[in-house]
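J.: need coordinates for the following:
(one chain, ligands or ions: 4)
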Amino acid sequence: MGDRVVASTCRECSVRCGSLVHLRDGRVEKIIGNPAHPHSRGAFCVKGVKASVAAREHPDRPLYPMRRTGERGSGQWERISWEQALGEIADRLQEVIGKHGPLAVAGAVSNHFVSRGVAMAQLLRCLGSPNYMINQDLCQGCRYTAAMLTGVGAQPGAELEHARCILVVGKSPSESSVVQWMHIKAARRTGAKLIVVDPRRTQIARMAHLWLPIRPGTDAALALAMAHVMIDEGVHDRKFVEQWCVGLEPFSDRVHGYTPAVASDITGIPAEQIVNAARRFATDKPGCLVLGHGIDAQANGVDTARAFHALVALTGNIDRPGANRMAKRLPGFRDYASVINDPEFRLPREIEESIIGGREYPLWAGPQSWAKSCHNPSVIQAMLTGEPYPVRALYVSGVNIVCTYPGIRNTVGALKGLDLLAVATDHMTPTAELADFVLPKTTLFEEEDVTSDPGGPCLSVVQRVLPPRGEVRCDMEIAVGLRDELRKRALVRHEVLPWNSHREFIDFQLEDTGLAFDDLHEKGFHEIPFVYEEYRKKGFPTPSGKIELASSRLERAGYDPVPNFSPPVYAASNPEFPLTLLTGIRSMTYHHSRFRNHRWARKAQNAPELRIHPRTAERHGIAEGDWVRVETPDGAGRVLLSAWVTEEVPEDIVATGMGWWFPELPGPDHGALTFNVDAAIPYGPPWDPIAGSAEARNCACRIRRAEPAETAPSLAKADELAGR
Ligand SMILES: Nc1nc2c(c(=O)[nH]1)N[C@H]1C(S)=C(S)[C@@H](COP(=O)(O)OP(=O)(O)OC[C@H]3O[C@@H](n4cnc5c(=O)[nH]c(N)nc54)[C@H](O)[C@@H]3O)O[C@H]1N2
Ligand SMILES: Nc1nc2c(c(=O)[nH]1)N[C@H]1C(S)=C(S)[C@@H](COP(=O)(O)OP(=O)(O)OC[C@H]3O[C@@H](n4cnc5c(=O)[nH]c(N)nc54)[C@H](O)[C@@H]3O)O[C@H]1N2
Ligand code: SF4
Ligand SMILES: [Mo]
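T.: Ligands and ions are numbered 1, 2, ... in the order given. So this is what the prediction gives:
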């Protein structure tokens, strides 16, 4: 491969920026943003520049399949061939299925917006198991489920630039999305009004015309009160609502009780600011709503998102220039989610109904659901208790569940007790350390892929620019290899993984578009013309074809069809735990648990932070950089974090990131049990009644200064281990 520049897509995070990969002498010389890319338009971040190169070249990268030789988690491995690894995994699956049936085999993957999600779902479906876990219950699951129910599946996209008013709720784009951040700054420069709802004074909050510092977990009350003002003052878009919405009457009845004064008591935001925000969003048009992860992964997450969707509906801010865009697809293109939902690739209904969580969360896990994946916390319980039925084998790919699921002790306990744990990964994570088999995976430069990008809208292409190192394989090819071994043992009961390579899968995705993969290589993307107001022809994707302010699907499933507020768990005041802990603040150099083994990232941030107000710090005798023990009411809930004294958080809130582990600390957990906030947070109930999400973002806590941890993380030691 000579010197050249390849147009590709960065996939180190879900933003998926178009990239230009500069190759010289068989190496990646540099990687930059692609200004021509319709979605990202040149935006790029430090992870895109550094992480893909570091991940490919990492000295500790697993390059060959490995079998555990010592106790589980002892870190003793031997190299084996792919044939041995896949054959032995298939043998162990055969034993588990023989004893407990196919439902006892589960999978874990990050989500089904990546090709590994399809590979995982279809591999398990081959066996007759619907039980694969995605981490969307911790991510965008509440927002997606809400979108399925309301019909407002709308993304802000590039329309942000043309918006006159932008309402940003629980989103910190300066930390989490370079693309949205770029568009919002551009809109702000041309005079767009910016309203930000966040308990934290984030960078975007500092830029806002109106910052509403809300009590965590109370956003539904704010949205319902804003709707109250709009309807009460008649500033909503009557024509749009009459033509395109159903359920205005019951919705109006519901918001009647949510006066600005009532919502002010709940949210802590002055009533006049709520009125102001509502008037602005209803009259400074067009407007865009940006809903972030700050309102998701909460026990009232779906209703919160639905309440905000109602504001988009009431203002008619949808699929118009400068408003929220409905996702557009290239006709004929098969994206990952459409494959998972295609009857041709699904399991018989009675099997889909037996999924763990299907009965409790039919709109999340059952055949009618958005996710069609199982209820993760219940799967962890099933591994531990055998209820509702045993789960004895787990195949994990592209997710580090020990470090990113709440309740780390439970996860570790559950994994340790399994009959089989196989983990496919590109680096040794605390999850992989507990495996019986580790399967080495490709990194970005070694893979190819094509995805549909609603933000663009466009197809984005990932190109293979370097040969894979060692014997690494991509997800689809691992799944295909395993399928073949299972077939030899007559374990493939459903032929729903028909491809034999990733390229075959890509060809299948493009088959009905008239495009060939090779045609897309030059530009690295394929733009789709954006058509506004398509709902006039197609309607909205709900049973009524309209935006449902009262959801017919919820009503049929026996739920309250109209969104409502319910108080967050931490608010049940417990004087022993007077502070609220916010988790999951994004860090520019990390992607959740990833890059903790990369020097460039550790140099930027070397310890998990606890953001704490100066007066709170003083009251507790805590100074900048001190280790702080954070304890939560959950029995096992405690963690050590490093004080970062800042006025960005109010006095009664402390805030932190997520995902920490340290390669230099002893395995298998590598410090995750001590330093990762998910060790302090339970994955247990209460769960969102619709999506089953646990309250992973906000939690009651208390803090005290701790002595320096004996096993403190050390960059020098990490270097030493990595042989630098
Ligand atoms: N650099 C980097 N970028 C990332 C990621 C990463 O790991 N690193 N992860 C990616 C992924 S998968 C995701 S899901 C996104 C998440 O990114 P975002 O959607 O931006 O969400 P967060 O950063 O988790 O939280 C956003 C804000 O919500 C606030 N918040 C917390 N609780 C509440 C609440 O109850 N109400 C309101 N209104 N606000 C609240 C927090 O203070 C925070 O400022 O980032 C993506 N981008
Ligand atoms: N307390 C708390 N917990 C949270 C959150 C929070 O805010 N608070 N946020 C939640 C959110 S939003 C999310 S999305 C999850 C994230 O949870 P995870 O998905 O576990 O996050 P990562 O650490 O990014 O990725 C895990 C693994 O995926 C693999 N991987 C990553 N990229 C690729 C790839 O391109 N190809 C392949 N083959 N493998 C890859 C790597 O092996 C990596 O170790 O965590 C959730 N957990
Ligand atoms: S934001 Fe950064 S890591 Fe995410 S896709 Fe863009 S360049 Fe890659
Ligand atoms: Mo996420």
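
J.: neighbours of the residue of the chain found nearest ligand 1, just the number please.
T.: Residue nearest to ligand 1 within the chain (CB to the nearest ligand atom): residue 294, separated by 2.2 Å. The way it works is simple: take the backbone N, C-alpha and C, and place the C-beta from them, glycine included. Using other CB atoms under 10 Å, residue 294 is surrounded by 28 other residues.

J.: distance of it from residue 586?
T.: 11 Å (CB to CB, to the nearest Å).

J.: coming back round to it: pretty sure the residue of the chain closest to ligand 1 is in contact with residue 173, am I right?
T.: No. Taking contacts as CB atoms under 8 Å, residue 294 lies outside contact range of residue 173: 11.5 Å.

J.: ok, back up a step: now the common contact residues for residue 294 and residue 586.
T.: Listed contacts common to residue 294 and residue 586 are residue 172; contacts here mean CB atoms under 8 Å, 6 or more residues apart in numbering.

J.: quick check, pLDDT for the residue of the chain found nearest ligand 2.
T.: Ligand 2 sits closest to residue 584 of the chain, with a gap of 2.0 Å, by CB to the nearest ligand atom. Residue 584 is assigned a predicted lDDT (pLDDT) of 96.

J.: so it sits against residue 292, correct?
T.: No. Checked against CB under 8 Å, the pair residue 584 and residue 292 is beyond contact range at 10.2 Å.

J.: what's around the nearest residue to residue 603 once chain neighbours are set aside, how many residues?
T.: Counting by CB to CB, 6 or more residues apart in numbering, residue 603 lies nearest to residue 715, which is 7.1 Å off, once chain neighbours are set aside. Per other CB under 10 Å, the neighbour tally for residue 715 reads 14.

J.: hang on, the earlier thing: how close does the residue of the chain closest to ligand 2 sit to residue 601?
T.: 17 Å.

J.: now residue 65
T.: Taken as CB to CB, the span from residue 65 to residue 601 is 27 Å.

J.: same check on residue 166?
T.: From residue 166 to residue 601 the distance is 30 Å (CB to CB).

J.: look at the two and report which has more neighbours.
T.: residue 166 (28 against 22).

J.: around ligand 2, which positions in the protein sit nearby?
T.: For the chain, the residues in contact with ligand 2 (CB under 6 Å from any ligand atom) are 11, 110, 116, 135, 138-139, 293, 398-400, 404, 406, 425-426, 429, 441, 475, 583-584, 591-594, 658-659, 677-678, 681, 696-697.

J.: among those, name the buried ones.
T.: By neighbour count, with 16 or more other CB atoms under 10 Å, the residues of the chain next to ligand 2 hold 11, 110, 116, 135, 138-139, 293, 398-400, 404, 406, 425-426, 429, 441, 475, 583-584, 592-594, 658-659, 677-678, 681, 696-697 as buried.

J.: what's around the residue of the stretch 151-300 of the chain with the smallest separation from ligand 3, how many residues?
T.: Residue of the stretch 151-300 of the chain nearest ligand 3, by CB to the nearest ligand atom: residue 178 (4.7 Å). Burial measure for residue 178: 23 neighbouring residues, criterion other CB under 10 Å.

J.: which residue packs closest to it, ignoring adjacent ones?
T.: Among residues not flanking residue 178 along the chain, residue 43 sits closest, at 4.4 Å (CB to CB, 6+ apart).

J.: spit out the contact partners of the one you found.
T.: The contact partners of residue 43, by CB under 8 Å, 6+ apart, come to 17, 33, 178-179, 181-182.

J.: now the two most distant members of those.
T.: Spanning the widest gap among these are 33 and 181, at 13.0 Å by CB to CB.

J.: returning to what we had before: for the contacts of residue 43, could you give me JSON lines that also reports pLDDT?
T.: Shown next, in JSON lines, are those (pLDDT from 0 to 100):
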{"residue": "17", "pLDDT": "96"}
{"residue": "33", "pLDDT": "98"}
{"residue": "178", "pLDDT": "96"}
{"residue": "179", "pLDDT": "95"}
{"residue": "181", "pLDDT": "96"}
{"residue": "182", "pLDDT": "96"}
